[in-house]
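[1] Show me the folded form of this:
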Amino acid sequence: MANLFDYLEWRGDLTFDQSPFNVVDNLILSCLGYVVLDELVSGFDCGYTTTVAEAAALFVQLPEEVKNLRNEKDEDVLVEMAKTKRFGNLELLYHVDQVDRVSEKQFAAITVKLGDICHYVVYRGTDHSVIGWKEDFNMTFCSAVPAQMEAVHYLRKVAHRTEGPLYVGGHSKGGNLAIYAAAHVSPDVQKRIKTVYNNDGPGFQEDVVKGSGYQAICDRIKTFIPQTSLFGLMLEHDEPFTIIESSGIFVMQHDPYTWTVKGPDFVYLEEVTASGRFMDSTIRGWLADVSPEQREKFVDAVYEAISADEAVKVQDLAKSWLTNTGDMLKSLRDVDDETSEMIRHILKQLLQNMGRTAQMMIREEQEERLLPLKEKLELNLKN
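    Okay, here's the model as predicted:
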């Protein structure tokens, strides 16, 4: 199955003037957003720009600890982009990267100049910082997390400093930030936005989806989810979504490098898999049973327990669990009785929802199998 690397080899010799911007280009730029380009690309306070080729040449020379890679393929995609006529000379600017443990914010963005007056604003998805993952869970009970507010501020600043059409997008949380920012900028900026690309990013609380800003931009949102989507179906969406084929297994389909590409487009499917529907129904049912206040207490309690060792990265947290499993489990047991009861209650509700969803899907599958027999019997009775 072809992926975005195959696309770079196939279409890389054509500029955007020769072949218009497409959905695969969007995914490639969303992956570029994960590359930590601190000190290599200017922020809002500097006037210089860096091309993709220049950034790649500098990035490969950095020590591994400075690269801070989420996925080794993120560096690969930067290097391969740099080799092409299509991406190599594109200018990168307005790089921002913020992680704040106090406000529980993980935010990063970069702007890519696609032509004389056209720009793509790329929001980074969740990195491997513990704070980044905590902020993702905060979305289940907050209408606006700090990264979303920062995304609006960033888009306003880019719009103020540029002219012409804007594309906005990202992968995972980056797609969520792209929609949120596009929905909360002024109508004048919204008019300049051609498309908002959400690549398997989660939805929002209902008040955001029903808001006038979201509704004004909704028909320009393109949401893509793999056939077994977990992240992209979370929370509420009002925009339609398109299902794409992935070579990954279950949650690994969230990885954009597994998405199947054919020419300048994705390979599309008609529906999500049974396991995707199972997870979607389970999580939606669970969130419906648990109030926003309960979700907040649950997330805070679990986060406080598992991050007691001040881990900064998810990998550090995983190592702590492997080397200090007893201590970590004890920290979960040592919470006060009220919090302990709340955690047990919410986990029990999750298991109950899994059971109800499984029963419902089994019943639907049985009814679907029996439908041809039922139609045949009805036809015989008529005759």
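[2] Which residue is the nearest non-sequential neighbour of residue 42?
    residue 48 (5.2 Å; C-beta to C-beta, 6 or more residues apart in numbering). For every residue, glycine as well, the C-beta is placed using N, CA and C.
[3] wait, I meant residue 270
    Counting by C-beta to C-beta, 6+ apart, the nearest residue to residue 270 once its immediate chain neighbours are dropped is residue 243, at 7.0 Å.
[4] What about residue 33, how many residues nearby?
    The criterion is other C-beta atoms under 10 Å. On that basis, residue 33 has 23 neighbouring residues.
[5] Can you pull the phi/psi pair for the nearest residue to it once chain neighbours are set aside?
    Nearest-residue entry for residue 33: residue 122, 3.9 Å, with adjacent residues in sequence omitted and distances by C-beta to C-beta, 6+ apart. Summarising the backbone geometry of residue 122 under the convention degrees, to the nearest 10, its torsions are phi -110, psi 120.
[6] Point out where the protein drops to low pLDDT.
    In the prediction, the chain carries residues with pLDDT under 70 at positions 103, 127-143, 229-238, 271-383.
[7] per-domain residue ranges of this structure.
    Taking automatic domain parsing as the criterion, the chain consists of the domains 4-273, 290-382.
[8] Please enumerate the strands of the protein.
    Using DSSP state E, the strands of the chain run over 50-51, 91-100, 105-113, 119-123, 166-171, 193-199, 221-226, 241-244, 261-262, 265-266, 268-269.
[9] which residues sit in contact with residue 190?
    With contact taken as C-beta atoms under 8 Å, 6 or more residues apart in numbering, residue 190 is in contact with 182, 213, 216, 217.
[10] how about a cut-off of 7 Å?
    182, 216, 217 (C-beta atoms under 7 Å, 6 or more residues apart in numbering).
[11] and it, how far is that from residue 221?
    Between residue 190 and residue 221 the distance, using C-beta to C-beta, to the nearest Å, works out to 12 Å.
[12] The residue nearest to residue 33 reaches residue 109, doesn't it?
    Yes: the pair formed by residue 122 and residue 109 meets the contact definition of C-beta atoms under 7 Å, at 6.4 Å.
[13] Count the neighbours of the spatially closest residue to residue 214 that is not a sequence neighbour for me.
    Using C-beta to C-beta, 6+ apart and skipping residues adjacent in sequence, the residue nearest residue 214 is residue 183, 4.1 Å away. Counted with other C-beta under 10 Å, residues neighbouring residue 183 total 23.
[14] Contact partners for residue 183?
    Residues counted as contacts of residue 183 (C-beta under 7 Å, 6+ apart) are 211, 213, 214, 217.
[15] Specify which member of those residues is nearest to residue 261.
    When those are ranked by distance to residue 261 (C-beta to C-beta), residue 217 comes first, at 26.5 Å.
[16] burial count for the closest one?
    Residues near residue 217, counting by other C-beta under 10 Å, number 21.
[17] Pretty sure it sits against residue 194.
    No: counting by C-beta under 7 Å, residue 194 is not a contact partner of residue 217; they are 10.9 Å apart.
[18] what is in contact with these two at once?
    In the contact map built from C-beta under 7 Å, 6+ apart, no residue is linked to both residue 217 and residue 194.
[19] returning to that earlier point: ok, the residue nearest to residue 270 to residue 228 distance?
    Shown here: residue 243 relative to residue 228, a distance of 10 Å by C-beta to C-beta.
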